[in-house]
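Trainee: Give the three-dimensional model of this entry:
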Amino acid sequence: MKLPIALTEELLSHAELVAQVFLQAMYKSIGEQLLDELAESDLTYSQMQALRYLNNHRRVTVGDLAEGLNISYPSATNMVHRLEKKGLIRRVANPRDRRQVGLTLTDEGRNLILQVDHERRQRFARILAQMEQSERHAFIEGLSAFIRAGVSAGILQPVDVCLHCGSDADPNCPLVEMHSTEICR
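Mentor: Take a look at the predicted model:
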């Protein structure tokens, strides 16, 4: 691969390293570690994503969950079973079509999401508070530019990197700015 003149191997290596450390920090320290601390029910990061999806969408079936999380139907079925066993979700039969079963959060599931999201936001705020205002702005702009560039280059597919916020999609999301909320199913 021939690199553009301004993009040296050293710069590419450094950018990739910083990106990997950032992803690890977000996933491990602000993701998994937080779940370990707050979720007494041994909740996985993937299960938390499923709870968030259910929280952001109405009338969700197992098939919708599988599609929204980009996982197989059997994987979604297993996840639903585990979350139901933990008392975080429940199945609700459709009164008009008993073959169709919806999924909904229990009060315990909704409270867990609120608690985890609040603590995650607090931790993120403490980190951002350690940065200068110009650094915070550059951080946000840099990540947004990376996402826009990846989508424009065809390397990042919006449907694959979308958080699937549904009708609550933030208009400041780089994907929403580039497209519309149609991908935020």
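Trainee: from here on, contacts and neighbour counts on C-alpha atoms
Mentor: Will do.
Trainee: Strands of the chain, start to end?
Mentor: With DSSP state E as the definition, the chain shows strands at residue ranges 60-61, 89-93, 101-105.
Trainee: Dihedrals phi and psi, the residue most central in space within the chain?
Mentor: Nearest to the geometric centre of the chain sits Leu163, at 4.5 Å (CA atoms, centre = their mean). Summarising the backbone geometry of Leu163 under the convention degrees, to the nearest 10, its torsions are phi -90, psi 0.
Trainee: which regions of this structure lie under the pLDDT threshold?
Mentor: Low-confidence segments of the chain (pLDDT under 70): 1-5, 39-41, 98, 166-167, 180-185.
Trainee: what does the domain assignment say about it?
Mentor: Dividing the chain into domains by automatic domain parsing, as the record does, gives the ranges 16-130, 133-185.
Trainee: quick check: angle from the longest helix along the chain to strand 89-93?
Mentor: Ranked by number of residues, the top helix in the chain under DSSP state H is helix 107-129. With axes from the mean of the first three to the mean of the last three CA atoms, to 10 degrees applied, the angle from helix 107-129 to strand 89-93 works out at 130 degrees.
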